[in-house]
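In: Got a predicted structure here, sequence first:
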Amino acid sequence: MCSPQGRGHIRSRFLSFLSMTLILLNLLLLYQTYQLKEHVRGIPWHPSPKRVFDLLERSRSWKDVHGASSFGDESRPRYVLLLIFEPTDCSPCLEDLSVLNELHRQVSPEHVRIIGIASHTHLQELRRMIDAYGVTFPVLIDETSIAKALLGLAETPWKILVDLENRRIIFDMGPSLSEVERHFFLMRVMRLVRG
């Protein structure tokens, strides 16, 4: 028979064991949660085609920073390349703006129309930036970030190439950090529009 003092010692050891086991299980769950979050971040996210076409329809009535219609004349190109960006505090956005401006000079507007949609900015600020960069394609101002909200974008810049004839998204690309990704994107666009 065990003395009351011995039972108390066994209970305290058992409780210590249970506490340590719970702490280890908690640490294991924290680690697995971290691993899952990293895995989810690695899964590519793509905007819904329906929402992209809804955005295109809405943007037809928007004016660019100089007051012109986003689609210019009523001719309808085969492709539309959207650049959704934030011109302030986003150096990748400004780099993509420059790259797409160069692309705009190389492609025919009958094949592809490039349209920028700028969020979180004011008209005068955006107009100064567009003029400073010599941007030749229409850039629409989206002061209330309708485009980002409609497409569910958390980050910018986001580029979406849309085939208007077949009503499908050919591809989209979120924020790219490397020059290689940007070059790959441009090569793919050039191949499609010249193809």
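Out: Perfect, thanks for sending it. Residues are numbered from 1 along each chain as shown.
In: Could you pull out the buried residues of the helix or strand where Arg58 lies?
Out: Using DSSP states H and E, Arg58 sits in helix 49-59. Neighbour counts over helix 49-59 (16 or more other CB atoms under 10 Å) mark Val52, Leu55, Leu56, Ser59 as buried. Placement of C-beta: from N, CA and C, glycine included.
In: Tabulate those (JSON lines), appending pLDDT and distance to Glu125.
Out: Formatted as JSON lines, those follow (pLDDT from 0 to 100; distance: CB to CB, whole Å):
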{"residue": "Val52", "pLDDT": "86", "distance to Glu125": "27"}
{"residue": "Leu55", "pLDDT": "85", "distance to Glu125": "23"}
{"residue": "Leu56", "pLDDT": "84", "distance to Glu125": "25"}
{"residue": "Ser59", "pLDDT": "79", "distance to Glu125": "20"}
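In: so can I have CSV of those showing distance to Leu164?
Out: CSV is the format used below for the buried residues of helix 49-59 (distance: CB to CB, whole Å):
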residue, distance to Leu164
Val52, 11
Leu55, 13
Leu56, 8
Ser59, 13
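In: and of the residues you listed, the nearest to Leu161?
Out: Nearest to Leu161 among those, counting by CB to CB, is Val52 at 10.1 Å.
In: My guess is that closest one contacts Val162. True?
Out: Yes. Shown here, Val52 and Val162 form a contact pair, counting by CB atoms under 8 Å, at 6.2 Å.
In: any shared contact partners between the two?
Out: Leu82, Ile169 (CB atoms under 8 Å, 6 or more residues apart in numbering).
In: picking that back up, from the buried residues of helix 49-59, pick the one nearest Arg13.
Out: Distances from Arg13 to those, taken by CB to CB, are shortest for Val52, at 62.9 Å.
In: Which residues are in contact with that closest one?
Out: Leu82, Leu151, Ile160, Val162, Ile169.
In: Please report how far the closest residue to the last one other than its chain neighbours lies from Phe185.
Out: Across the structure, with CB to CB, 6 or more residues apart in numbering as the measure, the residue nearest Ile169 apart from its sequence neighbours is Pro49 (5.1 Å). Counting by CB to CB, to the nearest Å, the separation of Pro49 from Phe185 is 19 Å.
In: Where do the strands of the protein begin and end?
Out: 79-85, 112-119, 139-142, 158-163, 168-173 (DSSP state E).
In: Throw those strands into CSV and include mean neighbour count, distance to His104 and mean pLDDT, thanks.
Out: Below are the strands of the chain laid out as CSV (neighbours: other CB atoms under 10 Å; distance: least, CB to CB, whole Å; pLDDT from 0 to 100):
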stretch, mean neighbour count, distance to His104, mean pLDDT
strand 79-85, 23, 9, 89
strand 112-119, 25, 5, 89
strand 139-142, 24, 11, 87
strand 158-163, 21, 13, 87
strand 168-173, 15, 17, 78
